[in-house]
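Sequence below, structure please.
(one chain, ligands or ions: 1)
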Amino acid sequence: MQTFQLDFVTPSEAERCGAFELREQVFSHAEQFTAEDVSRNCFHLVAREDTKTLGYGKLVVDGAFARVKHVCVSPDAQRSGLGSRILLRLLDRAREEHTTTVWLLARFTALGFYHKFGFVEVGPVVRSEDSAAPHRRMELRFKL
Ligand SMILES: CC(C)(COP(=O)(O)OP(=O)(O)OC[C@H]1O[C@@H](n2cnc3c(N)ncnc32)[C@H](O)[C@@H]1OP(=O)(O)O)[C@@H](O)C(=O)NCCC(=O)NCCS
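From the prediction side, this is the model:
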């Protein structure tokens, strides 16, 4: 059984351990390091096995809303439960930050993954800021 360690890390640590490189590789567009990445409301979650970084996801908190972005798992580690663990940890963090709604822009190929956690599509097809591919906004409201 694979044993992954999940940690929230600073932007510098995320860069140092290759998490930003991983997200650039997994997403076909070349996601650039942005001002958002170093903002105090942005939380970087890194999944590692020994010293190898195999997964990443981030949470951006804005008042009662939190946005999940760039959830990704290295292709050779996909479908082994790691993406679920990353998403669940991000949702826990969103609750700890006292948000009520988590949202994201999902690629069509990932809709089924987010459905499993209760996310539902909201609104029309949109494009994300950093990809030409069609996306849907999905939301999950925490039960109060
Ligand atoms: C989407 C992604 C993060 C899922 O991570 P993962 O580690 O492979 O997912 P898990 O192993 O935790 O899978 C959890 C469940 O979701 C399902 N699932 C995983 N990816 C799925 C997908 N793309 N579509 C539908 N269901 C999916 C799995 O079959 C599993 O179902 P089960 O519990 O019934 O067995 C990963 O495939 C990935 O990095 N994809 C490329 C980047 C991407 O599209 N990210 C989403 C951005 S919008």
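
Now the nearest residue to residue 136 once chain neighbours are set aside: which helix or strand?
Of all residues not flanking residue 136 in the chain, residue 121 sits nearest, at 4.6 Å (C-beta to C-beta, 6 or more residues apart in numbering). Where you see a C-beta, it was placed from the backbone N, CA and C, and this is true even at glycine. Assigned by DSSP states H and E, residue 121 falls within strand 120-127.

CA atoms of that strand as PDB?
Only the C-alpha atoms of strand 120-127 are listed here, as PDB (Å, rounded to 0.1, in the frame of the first residue of the first chain):
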ATOM      1  CA  VAL A 120     -22.700  20.200  -8.400                       C
ATOM      2  CA  GLU A 121     -22.500  22.200 -11.700                       C
ATOM      3  CA  VAL A 122     -23.700  25.800 -11.500                       C
ATOM      4  CA  GLY A 123     -24.200  28.100 -14.500                       C
ATOM      5  CA  PRO A 124     -23.000  27.900 -18.100                       C
ATOM      6  CA  VAL A 125     -19.900  26.500 -19.700                       C
ATOM      7  CA  VAL A 126     -17.000  28.900 -19.000                       C
ATOM      8  CA  ARG A 127     -13.300  29.100 -19.700                       C
END
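
Relative to it, what are the paired strands and their orientations?
Strand pairing for strand 120-127, determined by DSSP bridges: strand 134-141 (antiparallel).

any idea of the mean pLDDT for the strand it pairs with?
Mean pLDDT, strand 134-141: 97.

buried set for it?
Using 16 or more other C-beta atoms under 10 Å as the test for burial, strand 134-141 gives 135, 136, 137, 138, 139, 140.
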